[in-house]
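with the input below, show me the fold.
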Amino acid sequence: MAFPTPNCSARDFLLSVFSSRSDNERRSDIPSVTLTFAQSLDGKISGKDGKQLLLSCPESMLMTHWMRSMHDAILVGIGTALNDNPQLNTRLIPEGLRPTSLPRPVVLDAHLRLHVDCKLLNNFRQGTGLQPWIFCSSDSLGARERRSALIAAGAVVFEVSCENGLLSIPQVLAELSKQGIKSLMVEGGATVINGFLKYAHKPYCQGDPLGLDTIIITTTAPILVGDDGTGYKVGFSEEQRNDLPHLQHIRTEVMGKDSVAAVRISHCV
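Numbers count the residues shown, from 1 in each chain. Predicted structure coming up:
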């Protein structure tokens, strides 16, 4: 696939989106969060059984790499890590424009299933990527050997507790902040997006300002995937549906054939 020569429109779009964040609303104890994903017109973000599905056109894919360059860390779930084997870097930005700093790759991997020969670890060993951070469950049984193998391969492993079978997002954010991460880009997959969306909703009804610094950027491709695709579906209880967070539109742009929309979680309505 040939990637377009950038005219900085994608970069300018993102700069205008992130400039909407107010310094007065940022918290020092957790990173600011950007949720981002590409979807089809029928709301699918991956193929059957979570397999990788190429949705973004070259222009919107380049925008994603610019977005990566504007965050301290990029987070994915283990499903995405296994199915896509991503590099989570900024390689599509031409060298003359590419920032020298790299984003930190972060993987939510409750049972330490990440492969020791994945691209994230290979890139670190070859000096072309930062050391991956892996978050696993503190209750994970029989993971001692896998943990040792991943550490030997170059990973840093953090343990957090689980909530309803999923890693605790508040604990992950707190640990990332402790490690110096101030901005976090969350790329998926569906389970991770669902978890962050539900958590971004929850604090509003508890007077917590986390959501005031949560931005969602979605890329919609003009294609249909069908029933075999996997979508994200946030399940809210009836009580939660009565106070869903308000999404404040920031900006929408066309990138190639795709439509990119940025919204900000604002308040319960």
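
low-confidence ranges in the stretch 151-269 of the chain?
Scanning the stretch 151-269 of the chain for pLDDT under 70 picks out 201-212, 232-245, 267-269.

if I look at the closest residue to Gln52 other than its chain neighbours, how far off is Ile78?
Counting by Cβ to Cβ, 6 or more residues apart in numbering, Gln52 lies nearest to Asp84, which is 4.6 Å off, once chain neighbours are set aside. (Each C-beta comes from the backbone N, C-alpha and C, glycine too.) Using Cβ to Cβ, to the nearest Å, Asp84 is found at 11 Å from Ile78.

neighbour count: the two, which is higher?
Ile78 (22 against 19; other Cβ atoms under 10 Å).

chain neighbours aside, what residue packs nearest to that one?
Asp109 (4.2 Å).

contact partners for the one you found?
By Cβ atoms under 8 Å, 6 or more residues apart in numbering, the contact list for Asp109 reads Gly77, Ile78, Ala81, Ile134, Phe135, Cys136.

how about it, phi and psi?
Asp109 adopts backbone torsions of phi -140, psi 80, taken as degrees, to the nearest 10.

got a pLDDT number for it?
Looking at Asp109, its pLDDT reads 96.

now do Gln87
96.

for Cys162, see how far away the residue nearest to Ile78 is.
Asp109 is 12 Å from Cys162, by Cβ to Cβ.

the residue nearest to Gln52 against Gly47, yeah?
No - in this structure Asp84 lies outside contact range of Gly47 using Cβ atoms under 8 Å: 10.8 Å.

thinking again about what came up before, which one of the contacts of Asp109 is nearest Thr220?
Taking Cβ to Cβ as the measure, Thr220 lies nearest Gly77 of these, at 21.4 Å.

check which helix or strand covers the closest residue to the closest one other than its chain neighbours.
Closest residue in space to Gly77, ignoring its immediate chain neighbours: Val192 at 3.9 Å, by Cβ to Cβ, 6+ apart. Using DSSP states H and E, Val192 sits within helix 190-201.

now Lys182: how far from Thr219?
Distance, Lys182 to Thr219, by Cβ to Cβ: 24 Å.
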